[in-house]
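S.K.: Need the 3D shape of this:
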Amino acid sequence: MFDAQTTALLRAVLDEVCEAVSRYETSARTHVASMILEAASNGETSVDGLKQVGRRALSEAPILRS
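M.R.: Below you'll find the model as predicted:
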């Protein structure tokens, strides 16, 4: 689907957007990853655009509160 360079970019964007989210918050991280992948599949290729999509998805994501 994506080449290695694009995959690395998407992973880096996900990691940056979710840097404050625990690795155990899988539902939130999965939601953000899904939205980033969808945007990339629809032609969004800029880092800033992908980060914006990721941040918006994170604000909507279900996150467990302790």
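
S.K.: can we go C-alpha only for contacts and neighbour counts from here?
M.R.: Fine.

S.K.: show me where pLDDT drops low in the protein?
M.R.: Within the chain, the segments meeting pLDDT under 70 span 63-66.

S.K.: Was I right to think L58 contacts A33?
M.R.: No: using C-alpha atoms under 8 Å, L58 makes no contact with A33, being 9.4 Å away.

S.K.: Hmm, T30 and C18 touching each other?
M.R.: No: using C-alpha under 8 Å, C18 makes no contact with T30, being 10.4 Å away.

S.K.: Looking at those two, which one has more neighbours?
M.R.: C18 (19 against 14; other C-alpha atoms under 10 Å).

S.K.: Against R56, how distant is the more buried one?
M.R.: When distance is defined by C-alpha to C-alpha, to the nearest Å, C18 is 11 Å away from R56.

S.K.: quick one: contacts for L37?
M.R.: L10 (C-alpha atoms under 8 Å, 6 or more residues apart in numbering).

S.K.: roughly how far apart are it and D48?
M.R.: In terms of C-alpha to C-alpha, L37 sits 14 Å off from D48.

S.K.: tell me which element L37 falls in.
M.R.: Assigned by DSSP states H and E, L37 falls within helix 26-41.

S.K.: Count residues in the vicinity of the closest residue to L9 other than its chain neighbours, would you?
M.R.: If the residues on either side of it in the chain are set aside, L9 comes closest to V47, at 7.8 Å by C-alpha to C-alpha, 6 or more residues apart in numbering. By other C-alpha under 10 Å, the residues close to V47 number 13.

S.K.: V47 against V13, yeah?
M.R.: Yes: with contact defined as C-alpha under 8 Å, V47 reaches V13; the gap is 7.2 Å.

S.K.: Between these two, which contacts overlap?
M.R.: By C-alpha under 8 Å, 6+ apart, no residue touches both V47 and V13.
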